[in-house]
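1. Need a 3D model of the following:
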Amino acid sequence: MTVSAILLDAGGVLIFPQPDVMLPPLVAAGVSPDLAALERAHYWTMSVQDRPDGPEPAKDTWWRSYLLGYITACGLAEGGRDELAARMAEAIRGFGWTHVGPQVNAALREIAALGLPLGVVSNSDGTVQAELHRLGVCSVSDGSGVRVGVVIDSAVVGIAKPDPEIFHIALEALGLPADDTVLHVGDSLRYDVAGALAAGLRPVHLDPHGFCPAPHGHTHITSLADLPGLVARG
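-> I've put the predicted structure just below:
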């Protein structure tokens, strides 16, 4: 496998819902998941949204739908889920995606050491570039985390995954063609894997718990730290 560039999703790959924001309403409702359980809840929720027989979440209800899956995975009894999801959706503005995954910074440094062009392609709300810079994850300028060539936010460019054009915008900024030497790493079969395939790229599904509902035909890793080894093995 020849790799010419690496594109990364943001949510579920680099950043996650902030535990300090998500935990209080869950604890008040009677469940107390630890950090590992919260991370698992994210991936389980994404797998539910990825099921081929399920409806595609609507843009204006995605956050509430996500929260319903999230609190279900955290163990809340069925009777209170809908009400709690509605309250959390109203209270937690801007999605609260400000928790950097525990292995992310070290893994990004190893990925950057490969010397390949790097970029971020995210379905977000217009804030992802500033947030990644503020959190010290990565930046298109010097001085905050790993240097990347481009950060594409769907709310800024007006195109969202799985539309292949959002990947083409990123690669145009990097000065590279869209082909299967470009890896795109994401946590969603519906948005990342399908979108990357439609764009002619090679998808890498970050799936730590093996939840992918249609696992054949694309590459999986269980941790971002596995990516440099995947590239090196070819």
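
2. Break down this protein into its helices, ranges please.
-> Secondary structure of the chain (DSSP state H): helices located at 19-28, 35-50, 62-73, 81-91, 104-112, 128-134, 154-157, 165-174, 194-198, 227-233.

3. nearest to residue 210, of those helices?
-> helix 35-50 (9.2 Å; CB to CB). Any C-beta I mention is one placed from the backbone N, CA and C, and that applies to glycine too.

4. So residue 216 versus residue 50, what's the distance?
-> For residue 216, the distance to residue 50 (CB to CB, to the nearest Å) stands at 14 Å.

5. Revised request: answer the last question for residue 171.
-> On the measure of CB to CB, residue 171 and residue 50 end up 24 Å apart.

6. can you put the helices of the chain in JSON lines and add mean pLDDT?
-> Listed next are the helices of the chain as JSON lines, based on pLDDT from 0 to 100:
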{"stretch": "helix 19-28", "mean pLDDT": "94"}
{"stretch": "helix 35-50", "mean pLDDT": "96"}
{"stretch": "helix 62-73", "mean pLDDT": "93"}
{"stretch": "helix 81-91", "mean pLDDT": "92"}
{"stretch": "helix 104-112", "mean pLDDT": "97"}
{"stretch": "helix 128-134", "mean pLDDT": "94"}
{"stretch": "helix 154-157", "mean pLDDT": "97"}
{"stretch": "helix 165-174", "mean pLDDT": "98"}
{"stretch": "helix 194-198", "mean pLDDT": "98"}
{"stretch": "helix 227-233", "mean pLDDT": "93"}
